[in-house]
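1. what follows is a predicted protein model with its sequence.
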Amino acid sequence: MASGADKLLAFYAAPPADISLDEVDLDRLPRHVSIIMDGNGRWAERRGLDRSAGHAAGVDSLRETITACVRLGVGVLSAYAFSTENWKRPRREVELLMDLFATTLVAELPLFHQEQVRLELWGDLSALPAKTYATFCRGMDETAGYSTMTLALAVNYGSRAEITRAARHIARDVARGILKPEDVTEEALAKRLYTADVCDPELLIRTSGELRLSNYLLWQIAYSELYVTETLWPDFDRWELLRAIRAFQGRERRFGGVSRG
Ligand code: FPP
């Protein structure tokens, strides 16, 4: 049976001219990589295709990125799949996306089992169509015991709604006497966010060149390194991920302190 190192070398064989596996330090990988997957629509429109073709192609990029993170040994990969604002899209596009989430989840479950990937969902799932909701629940149930990597998908997620929800939980706990006002700390709030189970992202990638956070993980990315690439999400691949990690490793992370240089 091939070892983890063999699998990694095979996965990253045949590099392009500007990047190779040798350029990243495998001992200093970001523990949590988070991605704002953007540009599916533009990718499709540039090819004269329906936007849904861009979302379908985006699934291939997500699968490749999941595999790349597993091979590298990244502990948490999270991705923004559908925002609380995305309901404003044409009804047909929303329906197709919800359908795509459900069919993709079912199709990719064998990969999660094979690679022992635990699925987490962030967002208000109660508003999702029944089939999508049930599929997500099945995915979370079936993978709950895995620990190779956590894949978190943000679906019907908005950071302001998440923080508001956490504040409401705190207010309720204070009202019930479970929590004292002086115990309302950053940790107490963080424990009530969807992300309570994982460390904050160390690297946040946004594709398609937009310089926005789009209401994504506003609390959790306080000290994340940001990496924006012009590449549209359906063109994002294992090499783009390595370029992002190389850039991350080239940064000096000061967390508000002073430069060591
Ligand atoms: C942004 O591109 C992308 C989305 C809103 C959907 C992301 C969904 C996928 C990548 C499908 C796979 C996901 C799962 C969870 C199976 P956009 O439509 O905003 O692109 P544009 O800015 O070019 O219009």
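-> Cool, got the structure.

2. next, Ser78: phi, psi?
-> phi -130, psi 150 (degrees, to the nearest 10).

3. contact partners for it?
-> 32-35, 122, 151-154, 198, 201, 217 (CB atoms under 8 Å, 6 or more residues apart in numbering). Every residue, glycine included, has its C-beta placed from N, CA and C.

4. which members of these additionally contact the ligand?
-> Leu153 (CB under 6 Å from any ligand atom).

5. mind checking how far the residue of the stretch 101-250 of the chain found nearest the ligand is from Thr148?
-> Distances from the stretch 101-250 of the chain to the ligand, computed as CB to the nearest ligand atom, single out Thr104 as the nearest residue at 3.7 Å. Thr104 sits 20 Å away from Thr148 when distances are taken as CB to CB, to the nearest Å.

6. so between those two, which is more surrounded?
-> Higher neighbour count among Thr104 and Thr148: Thr104, with 20 against 15, using other CB atoms under 10 Å.

7. disregarding residues adjacent in the polypeptide, which is nearest to that one?
-> Leaving aside its sequence neighbours, Thr104 sits nearest to Val59 (CB to CB, 6 or more residues apart in numbering; 5.1 Å).

8. isn't Gly75 up against Val117?
-> No. With contact defined as CB atoms under 8 Å, Gly75 does not count as touching Val117 (11.1 Å).

9. who's more crowded, these two?
-> Val117 (23 against 17).

10. now do the same for Leu97: helix, strand or coil?
-> With DSSP: H, G, I helix; E, B strand; the rest coil as the basis, the three-state label of Leu97 is helix.

11. I figured it hits His55, correct?
-> Yes. Contact criterion CB under 8 Å: Leu97 and His55 qualify, at 5.9 Å.

12. does the residue lying closest to Pro16 once chain neighbours are set aside count as helix, strand or coil?
-> Nearest non-adjacent residue to Pro16, counting by CB to CB, 6+ apart: Trp239, 5.7 Å away. Assigned by three-state DSSP, the conformation of Trp239 is helix.

13. got it, and Ile245?
-> Look at Ile245: counting by three-state DSSP, its state is helix.

14. residues in contact with it?
-> 24, 29-30, 33, 72, 203.

15. turn those residues into JSON lines, including secondary structure and neighbour count.
-> Formatted as JSON lines, the contacts of Ile245 follow (DSSP: H, G, I helix; E, B strand; the rest coil; neighbours: other CB atoms under 10 Å):
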{"residue": "Val24", "secondary structure": "coil", "neighbour count": "20"}
{"residue": "Leu29", "secondary structure": "coil", "neighbour count": "19"}
{"residue": "Pro30", "secondary structure": "coil", "neighbour count": "24"}
{"residue": "Val33", "secondary structure": "strand", "neighbour count": "27"}
{"residue": "Leu72", "secondary structure": "helix", "neighbour count": "23"}
{"residue": "Leu203", "secondary structure": "strand", "neighbour count": "24"}
